[in-house]
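[1] One predicted model, sequence on top.
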Amino acid sequence: MSIGGQLVEKSLEAGGEAIAQVRSDSAMGAQWSPDGGWLAYAKYVNNQRELYLQHHSGQSASQSAGQSERLITPELAAFWLQPLPYDLIYRGFSWTPDSRQLVYVTQTEKREQLWQVEATGGTPRALSPLGSPTEQYLSPVSAAHGERVAFISRIASQAESKRRLLIAENHQVVSLYESKTFLQMIGWLGNDDELLVAEGKQTAMVTVQDATLLKCQVSAKRCLPVILLRDLYLSSLRLAPDHATVAYVAQRGRSLNIHLLKLSTGQIRPLTNNSDPGLFYAGLHWAYDSQRLFFSKQTSFEILRLIELR
């Protein structure tokens, strides 16, 4: 079984047509490094998740698919997806802000672990001990200098169900915040000490819900509420590269629209003016200049069900 699609890079030249270069087949969750020099992505084939890396060399479109891809790990932890709007809830890898390293989560015999590897090669370095069999590590993000990594821990067992905000540094992991509902990683605020997370009010991730934005300070070991956001998809929250604005998808009446929150003032304004209840926004992504926002529009989905008669 194969999940994913063809990963294609298109170069738009002034006065010319788009030139498409096939980078890989069966790819998903692709993410450029901040400097645009590297591309990381996952493959899910035969029930096995693999993490790959490619260097952006500007080679021609006639280059064969997958020629320069490098396998980072064959044991990448699971992705979390939601059907409509179809969106990535949790990603198992991310870049350090300087584009030099890739941080990722592996899963070996149902136990997860946080790792870091140089983009140019070398031996991966473990950032955390192995987690317990009932624990998942989600959405790792590196602080400004790459030595400190924040991530979400999900513990689900018959005895308990909780989420924790964890900080990994020098192979030590400390808990900064704990919740009985969902926690969504938003990102570091341009330094090594402060970051934003969102705490949902419901235990179901894919539903529209209220959420509290939390500003967490590692040195003080505390998280304080910033603002309550109404009727949003937690998975849509995106922090701009300049750390000044958070974009998200929220419901007003029967319709969904993209909204912008200015962190310095708490001001919220709608970015879109949609009135169609059948239109969904997803895949929000900031340009690196923080002046443009990319997104997808979706209108429907299909579910294939199998009923087995015995």
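    Great, that's in hand.

[2] And the residue nearest to residue 52 when sequence neighbours are not counted, what's its pLDDT?
    Distances taken as CB to CB, 6 or more residues apart in numbering put residue 69 closest to residue 52, at 4.7 Å, once the chain neighbours are dropped. Quick note: C-beta positions are derived from backbone N, CA and C, even for glycine. Residue 69 carries a pLDDT value of 83.

[3] hang on, isn't residue 69 packed against residue 55?
    No. If you go by CB atoms under 8 Å, residue 69 and residue 55 don't touch, sitting 9.5 Å apart.

[4] about what we covered before: how many neighbours does the residue nearest to residue 52 have?
    Per other CB atoms under 10 Å, the neighbour tally for residue 69 reads 19.

[5] so where's the stretch 151-300 of the chain shaky on pLDDT?
    Low-confidence segments of the stretch 151-300 of the chain (pLDDT under 70): 158-160, 204-206, 300.

[6] Provide a complete list of residue ranges assigned to strands in it.
    161-169, 172-179, 183-188, 194-200, 209-217, 222-232, 238-239, 245-252, 255-262, 267-270, 280-286, 293-298 (DSSP state E, counting those that start in this stretch).

[7] do you know which of those lies nearest residue 43?
    strand 280-286 (19.5 Å; CB to CB).

[8] At the geometric centre of the protein, which residue sits there?
    With distances taken as CA atoms, centre = their mean, the residue of the chain nearest its centroid is residue 91 (4.1 Å).

[9] Next one, pLDDT for it please.
    pLDDT, read off for residue 91, is 74.

[10] can you pull the contacts of it?
    Contact partners of residue 91, counting by CB atoms under 8 Å, 6 or more residues apart in numbering, are 29, 31, 79, 139.

[11] try it again with 7 Å
    Going by CB atoms under 7 Å, 6 or more residues apart in numbering, residue 91 touches 29, 79, 139.

[12] what's the closest of these to residue 116?
    Using CB to CB, those come closest to residue 116 at residue 139, 15.1 Å.

[13] give me every residue that touches the closest one.
    So residue 139 contacts 90, 91, 151, 152, 185 (CB under 7 Å, 6+ apart).

[14] Can you tell me, leaving aside adjacent residues, what's nearest to it?
    Distances taken as CB to CB, 6+ apart place residue 185 nearest to residue 139, at 3.9 Å, with adjacent residues excluded.

[15] just residue 268 next, same as before
    residue 261 (5.2 Å).

[16] In this structure that neighbour contacts residue 244, no?
    No. Using CB atoms under 7 Å, residue 261 is not in contact with residue 244; the gap is 9.8 Å.

[17] what's the distance between residue 149 and residue 166?
    Counting by CB to CB, to the nearest Å, the gap from residue 149 to residue 166 is 9 Å.

[18] coming back round to it: I figured the residue nearest to residue 52 hits residue 50, correct?
    No. Residue 69 is beyond contact range of residue 50, at 9.9 Å (criterion: CB under 7 Å).

[19] Count the residues that sit near residue 193.
    Neighbour count for residue 193, taken as other CB under 10 Å: 14.

[20] repeat for residue 177
    By other CB under 10 Å, 18 other residues sit near residue 177.

[21] Now residue 117. Nearest residue, chain neighbours left out?
    Spatially, and ignoring its direct neighbours in sequence, residue 117 is nearest to residue 124 (4.2 Å; CB to CB, 6+ apart).

[22] Repeat that for residue 39.
    Spatial nearest neighbour of residue 39, excluding adjacent residues (CB to CB, 6+ apart): residue 54 at 4.7 Å.

[23] wait, what's in contact with the one you found?
    Counting by CB under 7 Å, 6+ apart, residue 54 makes contact with 23, 38, 39, 68, 69.

[24] Ok, residue 56 next?
    Per CB under 7 Å, 6+ apart, neighbours of residue 56: 36, 37, 38, 39.

[25] And the last one, how far from residue 183?
    Using CB to CB, one obtains 28 Å as the distance from residue 39 to residue 183.

[26] So for these two, which sits in the more crowded spot?
    Using other CB under 10 Å as the criterion, residue 39 and residue 183 rank with residue 183 on top: 25 against 21.

[27] hey, what's that one bridged with?
    Listed beta-bridge partners, residue 183: residue 199 (assigned using DSSP bridges).

[28] was I right about it contacting residue 195?
    No. Shown here, residue 183 and residue 195 do not form a contact pair, counting by CB under 7 Å, at 11.7 Å.

[29] where in the stretch 1-150 of the chain is pLDDT low?
    Along the stretch 1-150 of the chain, segments meeting pLDDT under 70 span 1-25, 57-67, 81-84, 86, 88-90.

[30] That one: strands as residue ranges?
    Per DSSP E, counting those that start in this stretch, the stretch 1-150 of the chain has strands spanning 2-3, 5-11, 19-32, 38-45, 48-55, 70-73, 80-82, 87-90, 93-95, 101-108, 111-118, 125-126, 135-142, 149-156. These are given in chain order.
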